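Colleague: Requesting a structural model of the entry that follows:
(chains A and B)
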Amino acid sequence: DSGVTQTPKHLITATGQRVTLRCSPRSGDLSVYWYQQSLDQGLQFLIQYYNGEERAKGNILERFSAQQFPDLHSELNLSSLELGDSALYFCASSVDFVSNIQYFGAGTRLSVL
Amino acid sequence: QKEVEQDPGPLSVPEGAIVSLNCTYSNSAFQYFMWYRQYSRKGPELLMYTYSSGNKEDGRFTAQVDKSSKYISLFIRDSQPSDSATYLCAMSEHQAGTALIFGKGTTLSVSS
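Modeller: Numbering: from 1, shown residues only, chains lettered A, B, ... in the order given. Model prediction:
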């Protein structure tokens, strides 16, 4: 168990809908990273938050947004969903100022029908 | 060209074999190199972490980094069926605070 908790495990929804994925980082970790994993693209970095502030953006679509709350949990919001958004979404956390070792949650499997 | 290239396999070996997994990269600024293992329907878990060039050994696993060739390897000795998983290489420029750049992963199957 990595100590990173993601909910829900699975999400099935329709095109055009909006969903929210939740992540609780390991105790003491201030940084949260969101990644998308698909068969053709592999693990792709979406966005990073550090202690409530957005720090870096990767290949994140404008339809996607995220935030990190004062208790350090994070949410990834995906809107106007398309079939191509079907993927595994992972959250990772790290201590951040010590090393770049990131601990991953079990992921949320999103299926857009 | 992607920043990190990794042969997706699949790679099938008998139990007890030595396995070699490799990644090449194009960004010479990468200094921190990791190998993650991902079982089916699970999140990636860290196996090895190395800085700059050289070797690091941990039990049956050895990680090698050759920065001059922009090439990293993971060797698994005495492979076991429990090693069957997808192996992802990852790397970053900085020690902390930045996203990891991943290879697509190599799927390994070890048969008993």
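Colleague: Need the contact partners of stretch B:30-40.
Modeller: The contact list for stretch B:30-40 (Cβ atoms under 8 Å, 6 or more residues apart in numbering or on different chains) reads A:100-101, A:104, B:21, B:44-52, B:61, B:63, B:65, B:72, B:74, B:85-95, B:100-102, B:105. For glycine as for every other residue, the C-beta is placed from the backbone atoms N, C-alpha and C.
Colleague: run the last query once more with 6 Å
Modeller: With contact meaning Cβ atoms under 6 Å, 6 or more residues apart in numbering or on different chains, stretch B:30-40 is reached by A:100, B:44-52, B:63, B:65, B:72, B:74, B:85-93.
Colleague: Which positions in it come out as buried?
Modeller: Using 16 or more other Cβ atoms under 10 Å in any protein chain shown as the test for burial, stretch B:30-40 gives B:Phe30, B:Gln31, B:Tyr32, B:Phe33, B:Met34, B:Trp35, B:Tyr36, B:Arg37, B:Gln38.
Colleague: before we move on, what about stretch B:68-75?
Modeller: Buried residues in stretch B:68-75, counting neighbours by 16+ other Cβ under 10 Å, are found at B:Lys70, B:Ile72, B:Ser73, B:Leu74, B:Phe75.
Colleague: go on, stretch A:17-34?
Modeller: Buried residues in stretch A:17-34, counted by 16+ other Cβ under 10 Å: A:Val19, A:Leu21, A:Cys23, A:Ser24, A:Pro25, A:Arg26, A:Asp29, A:Leu30, A:Ser31, A:Val32, A:Tyr33, A:Trp34.
Colleague: Export those to TSV and append columns for pLDDT and secondary structure.
Modeller: Formatted as TSV, the buried residues of stretch A:17-34 follow (pLDDT from 0 to 100; DSSP: H, G, I helix; E, B strand; the rest coil):
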residue	pLDDT	secondary structure
A:Val19	98	strand
A:Leu21	98	strand
A:Cys23	98	strand
A:Ser24	98	strand
A:Pro25	97	coil
A:Arg26	95	coil
A:Asp29	92	coil
A:Leu30	91	coil
A:Ser31	92	strand
A:Val32	95	strand
A:Tyr33	96	strand
A:Trp34	97	strand
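Colleague: and those residues near chain B, which?
Modeller: Applying Cβ under 6 Å from any Cβ of the partner chain to the buried residues of stretch A:17-34, one finds that A:Tyr33 fall near chain B.
Colleague: tell me the two of the buried residues of stretch A:17-34 that are most distant?
Modeller: A:Val19 and A:Leu30 (25.6 Å; Cβ to Cβ).
Colleague: and chain A, which of its residues are near chain B?
Modeller: Residues of chain A lying near chain B (Cβ under 6 Å from any Cβ): A:33, A:42-43, A:45, A:48, A:58, A:90, A:96-97, A:99-101, A:104-107.
Colleague: follow-up on the earlier one: considering the buried residues of stretch B:68-75, which is situated nearest to chain A?
Modeller: Here the nearest of the buried residues of stretch B:68-75 to chain A, counting by Cβ to the nearest Cβ, is B:Ile72; it sits at 15.2 Å.
Colleague: Name the helix or strand for the closest one, please.
Modeller: strand B:71-76 (DSSP states H and E).
Colleague: other SSEs contacting that strand?
Modeller: Helices and strands touching strand B:71-76, by 3 or more Cβ pairs under 6 Å, 6 or more residues apart in numbering or on different chains; DSSP states H and E, are strand B:19-25, strand B:61-66.
Colleague: Tell me which of the ones you listed lies nearest to A:Gly84.
Modeller: Nearest to A:Gly84, of all the helices and strands packed on strand B:71-76, is strand B:19-25, at 26.3 Å by Cβ to Cβ.
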